[in-house]
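# here is a sequence together with a model predicted from it:
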Amino acid sequence: MQYRRLGSTELSVSVVGVGTWQFAGVWGKQFEQREVDDIMAAARACGINFLDTAECYGAGHLSERLIGNALAGRRHEWIIATKFGHNPNNDLKDENYSPAQVLLQLEESLRALQTDYIDVYQLHSAADEWFDNDALWTMLGKQVDAGKVRHLGNSVPLANAQYQVPRSRDFGISVIQVPYNALLTKAEEVVLPEAQRQDLGVIARTPLASGFLSGKYQPGQVFESNDVRSWRPQKGLDREINAAHRALQQRPAHMEAVAWANAWCLQQPRVSAVIPGIKSVAQVHSNALAGDITL
C-alpha cells in the first residue's frame, strides 16, 4: 500500500480508502455489524488507514454507528473523514446547513463513531449560498480550536466546484472531495489545478463509476429497488455501462478492472486517495491492489 500526504493537513493516508455509503443499505444490500467488522479488519490488514462516511448514510447515523463499533479500541489506527449538512431524509432541508444544526450533527457523529475527534469534517454537497456562510465556518473553526475537528473539508458537487473550490482557503478548508473516474474527468478543469495552487488534499469519490468500471455489468442491467442505481433511467445506465466497457479497453490484459480503475485516478499526483464503496472482504482485496500499482 502506498500513502500520500492529504494536502497541507500532513495526514498520511492510504491511497485506497474505504467509502461507506453502502453501509446505509441503499446499494442493494443490508449490512450486519459482523460484516462491517470483517470489512474494516481486512482493509486494515491490507494497509488501508482511511475511510469516508457521512451523518446521512442511513437513519440515525447508521453507517457511522457501524464503523464506530467496528473500530472500537482501534480508533488510533484510522484517519476518519465524515460529512455534514446533506440529509434528504429529514424535514429540515437547507436548515441542515445552519450552524446550530451542524453543531448537533457533529456531536451525534462523534458519539456514533465513538471518538473524541474527527480528522476531516466535510461540508456535504452544499449549494453556494450555504457554502458562502461566515457564521457556519466561524462555528466550525471553533470546533477545530476545541480539538473536536482536526481539519475542514468540502465534498463538493462538480456543478459548484468552479465557485467553491477557489475559495477554500478563505474558510479554512484544506481537503476537497469530488467525483473523479475514467468516465468523469471534469475535476481536471478546476478542482485539480486549484488543489495544486492551494495545496489542498483531494479525495476522489466514485472511482469505479457506481461500479460500472468493475466490468461486471452489461447493458440492460436491472437493479433491485433497494439499490440507488435503480432510480436512474435505463437509457442513462446503458450509456454509462457502454462507456465503462470502452474505457476498460485501456487496461493491461493482466490487470483486474477494479484495480485499474482505482489506479487510473491515482495517476493524478494531486489525488490523495480514492474511496471505492466496498461490500465484502473480497472487494477489499480487489480494491487494495491499486495501492501498489503505477500506471
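Sure thing, it's come through. In this text the structure is predicted, and so the values were computed from the model without any measurement.
# helices of the stretch 151-295 of the chain, start to end?
Using DSSP state H, counting those that start in this stretch, the helices assigned to the stretch 151-295 of the chain run over residues 158-164, 191-198, 234-248, 257-266, 281-288.
# pull the distance from stretch 44-51 to the chain's centre.
15 Å (Cα atoms, centre = their mean, to the nearest Å).
# contacts for that stretch?
1, 3, 13-14, 16-20, 40, 43, 67, 74, 77-81, 273, 275, 284-285, 288, 291 (Cβ atoms under 8 Å, 6 or more residues apart in numbering). Placement of C-beta: from N, CA and C, glycine included.
# give me the pLDDT for residue 93.
pLDDT recorded at residue 93 is 86.
# er, residue 217 actually
So, for residue 217, pLDDT stands at 95.
# what's near enough to touch it?
Here residue 217 is in contact with 211, 241, 244 (Cβ under 8 Å, 6+ apart).
# for the residues you listed, give me TSV that also has distance to residue 257 and neighbour count.
Converted to TSV, the contacts of residue 217 look like this (distance: Cβ to Cβ, whole Å; neighbours: other Cβ atoms under 10 Å):
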residue	distance to residue 257	neighbour count
211	10	24
241	13	21
244	9	23
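# for those residues, give me a markdown table that also has pLDDT and distance to residue 30.
Supplementary listing: the contacts of residue 217 in a markdown table, determined by pLDDT from 0 to 100; distance: Cβ to Cβ, whole Å:
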| residue | pLDDT | distance to residue 30 |
| --- | --- | --- |
| 211 | 95 | 17 |
| 241 | 97 | 25 |
| 244 | 97 | 26 |
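# for stretch 61-75, what is the average pLDDT?
97.
# tell me which of the helices of the stretch 151-295 of the chain is the most buried.
Ranked by mean neighbour count, those are led by helix 257-266 with a mean of 24 (mean count of other Cβ atoms under 10 Å).
# picking that back up, with distance to residue 216 as extra columns, can I get the helices of the stretch 151-295 of the chain in TSV?
Conversion of the helices of the stretch 151-295 of the chain to TSV gives the following (distance: least, Cβ to Cβ, whole Å):
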stretch	distance to residue 216
helix 158-164	26
helix 191-198	29
helix 234-248	10
helix 257-266	8
helix 281-288	11
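# on that earlier part again, are any of the contacts of stretch 44-51 buried, and which?
Taking 16 or more other Cβ atoms under 10 Å as the criterion, what is buried in these is 3, 13-14, 16-20, 40, 43, 67, 78-81, 273, 275, 284-285, 288, 291.
# so which of these belong to helices?
40, 43, 67, 284, 285, 288 (DSSP state H).
# any idea how far residue 260 is from the residue located most distally from the centre of the chain?
Most distant residue from the mean C-alpha position of the chain: residue 253, 28.6 Å away (Cα atoms, centre = their mean). As judged by Cβ to Cβ, to the nearest Å, residue 253 and residue 260 stand 11 Å apart.
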